[in-house]
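J.: Take this sequence and fold it.
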Amino acid sequence: MPFGKSLGLGFVFLATSIVSTKATTYTLSQNLTGDQFFNGFKFNESATDTNNFGNVHFLSQSAAQAANLSFVDSSGRVIIKVDNTTNGAGDSSFGRNSVYLESNELMDIGSLLIFDANHIPFGCSVWPSLFTQGQVWPQQGEIDVIEQVNLATDNRYSLHVGVDNCNQPTSVASNQTGTISTAVGDISNCTVTPSTGQNTVGCVTTETKSNSFGSGFASQGGGVYAMLWDTNGIALWYFARGSVPSDIGVSSSPDPTTWGEASAWYPASGCNPSTAFGPQIITIYIDICGAFAGVDSVFAQTCSSVAPNCTSMVPDPTNYDNAYWEINYLQVFTNGQSNSSSTSSTSASGTNSGAGASSTGTGTGSSSSGSSNSAIAFAVKGIWEYLLVPASVSFLGMLSMI
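T.: Numbers count the residues shown, from 1 in each chain. This is a model prediction of the structure:
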């Protein structure tokens, strides 16, 4: 049933969703923090970024550790960073060493992901992303939790799927706090056609709460992002450090129904979360330039006064002093809705892996196994990403009425 076709039915659906969610109990299935964090991931090593065309080399675990690009600091915080010591002046093919992580375990429907960080990579030419992706893209979908570029200050959420008729109805705007950035008419289309490069940007919602990305996020001590994927739909939240709900980080069973409206809400009435998404690989990475941050029009929006173009930034290591993740923990809870018995992942094929050309906002997936069609689509996606952008959205809008 098309969402919003009947106001009465839409209201009943939303109310039913909230009541159903309210009765849900979550059980901790992954707790990745401190010295145990990297045990939950594999390093997606690739000499070149074939999907997003970034100026990077993604290192193996041993190489990243030897280069001090992945480690746990003395306070138990996980650091993932871009090389900020090597001078690439005079080398026209120079690319910075970076890190691309993919989870060992798959995340299934009925999962709640909570991510607590003090610092998200930022800076002119920098393109970080936290997202989940199916093992085949876009057929098994992608959910972008954190993705932005350069000196932008507002995070962007998005979905990318391979099934037809998957969208975010604009009628959900009153049930989320973010702004829908890619709406055409009464929907924001989430369906990707990678062979033609059509709509690889996905359906984007832009965060409206302040300091969700960039230097502002870091200066306030960071914050928490959360993503709930269940049979009702997909909801994403952002909480600044001083506004984190009391049951996050301390409870063995957090309750999203007490958190207020989500920043972005993608209801099942617009896109079936059970069929549009397969088991998801949790992905964290940092790209440089490429099909999102490196697009001239995108770069100019926040960095025109810093450099004439993105690639001119790459040789100077001092440009990457803020290109690092500082992570407190990543937790995954489950409510038992899983439709899959899979427990381990393989690298995503043709993945867009939430960063730019293929998945997150622009389609990130820098998987070394990406197909040429996916790579073309990713590039097109990056170019169109910001031509379609500016806004945000939210969930559980009726909570205050229960």
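J.: quick one: pLDDT of the residue nearest to residue 91 when sequence neighbours are not counted?
T.: Once flanking residues are discounted, residue 91 sits nearest to residue 315: 7.1 Å by C-beta to C-beta, 6 or more residues apart in numbering. Glycine gets a C-beta too; all of them are placed from N, C-alpha and C. Each residue has a pLDDT score; the one for residue 315 is 96.
J.: ok, now residue 185?
T.: 89.
J.: ok, now which ones touch it?
T.: residue 170 (C-beta atoms under 8 Å, 6 or more residues apart in numbering).
J.: mind checking how far it is from residue 167?
T.: 10 Å (C-beta to C-beta, to the nearest Å).
J.: what does residue 72 give?
T.: 41 Å.
J.: Ok, residue 114 next?
T.: 27 Å.
J.: what do you get for residue 221?
T.: 36 Å.
J.: Shouldn't residue 300 be within a helix?
T.: Yes. Read with DSSP: H, G, I helix; E, B strand; the rest coil, residue 300 is one of the residues of a helix.
J.: Could you pull up the contacting residues of it?
T.: Taking C-beta under 8 Å, 6+ apart as the definition, residue 300 has no contacts.
J.: Now the nearest residue to residue 128 once chain neighbours are set aside. Its backbone dihedrals?
T.: Spatially, and ignoring its direct neighbours in sequence, residue 128 is nearest to residue 121 (3.9 Å; C-beta to C-beta, 6+ apart). Dihedral angles of residue 121 (phi, psi; degrees, to the nearest 10) stand at phi -60, psi 140.
J.: Would you check that residue 121 makes contact with residue 325?
T.: Yes. Residue 121 is in contact with residue 325 according to C-beta atoms under 8 Å; the separation is 6.1 Å.
J.: Residue 72 and residue 167: which is more packed in?
T.: With neighbours defined as other C-beta atoms under 10 Å, residue 72 and residue 167 compare such that residue 167 has more, 23 against 16.
J.: Could you find the closest non-adjacent residue to that one?
T.: residue 187 (4.1 Å).
J.: Could you report the pLDDT at residue 23?
T.: On the pLDDT scale, residue 23 gets 53.
J.: ugh, wrong one, I meant residue 17
T.: Confidence score, pLDDT, at residue 17: 44.
J.: Contact partners for the residue in the chain sticking out farthest from the centre?
T.: Using C-alpha atoms, centre = their mean, the residue of the chain lying farthest from its centre is residue 90. It sits 34.0 Å away. Each residue near residue 90 by C-beta under 8 Å, 6+ apart is listed here: residue 315.
J.: ok, residue 153 - contacts?
T.: Applying C-beta under 8 Å, 6+ apart to residue 153 gives the contacts 210, 211, 212, 213, 214, 215, 216.
J.: Show the buried residues in the residues you listed.
T.: Buried subset of these (neighbour count, 16 or more other C-beta atoms under 10 Å): 211, 212, 213, 214.
J.: and which of those residues is nearest residue 27?
T.: Within the buried ones among the contacts of residue 153, the smallest distance to residue 27 is 28.6 Å, found for residue 212 (C-beta to C-beta).
J.: quick one: contacts for the closest one?
T.: By C-beta under 8 Å, 6+ apart, the neighbours of residue 212 are 153, 154, 155, 223, 238, 240.
J.: returning to what we had before: just the ones in helices from the buried ones among the contacts of residue 153, please.
T.: Applying DSSP state H to the buried ones among the contacts of residue 153, no entry is found in helices.
J.: Take those residues and write them to JSON lines, including pLDDT and distance to residue 78.
T.: JSON lines is the format used below for these (pLDDT from 0 to 100; distance: C-beta to C-beta, whole Å):
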{"residue": "211", "pLDDT": "97", "distance to residue 78": "21"}
{"residue": "212", "pLDDT": "98", "distance to residue 78": "20"}
{"residue": "213", "pLDDT": "98", "distance to residue 78": "19"}
{"residue": "214", "pLDDT": "98", "distance to residue 78": "20"}
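J.: between the residues you listed, which is nearest residue 270?
T.: residue 212 (23.6 Å).
J.: What distance do you get for the closest one to residue 68?
T.: With C-beta to C-beta as the criterion, residue 212 and residue 68 are 28 Å apart.
J.: and if you look at residue 254?
T.: 34 Å.
J.: Could you check which of the two is surrounded by more residues?
T.: residue 254 (22 against 11).
J.: which SS class is that one?
T.: Per three-state DSSP, residue 254 ends up coil.
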